[in-house]
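Novice: following is a predicted model, sequence given first.
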Amino acid sequence: MADIADIANDLIANEVSNVLKSRAETPVEMGPELCVECEESIPLVRRKLGFDLCVPCAEEVERRQALFAV
């Protein structure tokens, strides 16, 4: 017999699957080809997700935010 955690995991897995399927069917608005900070090329996968920073610049922004978080 499934317990509450199993039912919740199944529900979450189904919802994630539905969202991913619906996103795959909709046109993707891609981010810029070049990083807005350093002007290096951004990988296609990051652009499809809408990011406008390359990985190193994004990591640096997150590091600065963590250092100066109040």
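Specialist: The structure has been received and is ready for your questions. Numbering: from 1, shown residues only.

Novice: quick check: mean pLDDT across stretch 47-61?
Specialist: Stretch 47-61 shows a mean pLDDT of 91.

Novice: A helix includes Val19, no?
Specialist: Yes. Assessed with DSSP: H, G, I helix; E, B strand; the rest coil, Val19 lies in a helix.

Novice: distance of it from Ile12?
Specialist: Separation of Val19 from Ile12 (Cβ to Cβ, to the nearest Å): 11 Å. The C-beta positions use only the backbone N, C-alpha and C, and glycine is treated the same way.

Novice: from the centroid of the chain, which residue is nearest?
Specialist: Nearest to the geometric centre of the chain sits Leu49, at 5.8 Å (Cα atoms, centre = their mean).

Novice: would you list the phi and psi of the residue found closest to it once you drop the neighbours it is linked to in the chain?
Specialist: Counting by Cβ to Cβ, 6 or more residues apart in numbering, Leu49 lies nearest to Gly31, which is 7.5 Å off, once chain neighbours are set aside. Taking degrees, to the nearest 10, you get phi -80, psi -180 for the backbone angles of Gly31.

Novice: contact partners for Gly31?
Specialist: The contact partners of Gly31, taken as Cβ atoms under 8 Å, 6 or more residues apart in numbering, are Ile42, Arg46, Arg47, Lys48, Leu49, Gly50, Phe51, Asp52.
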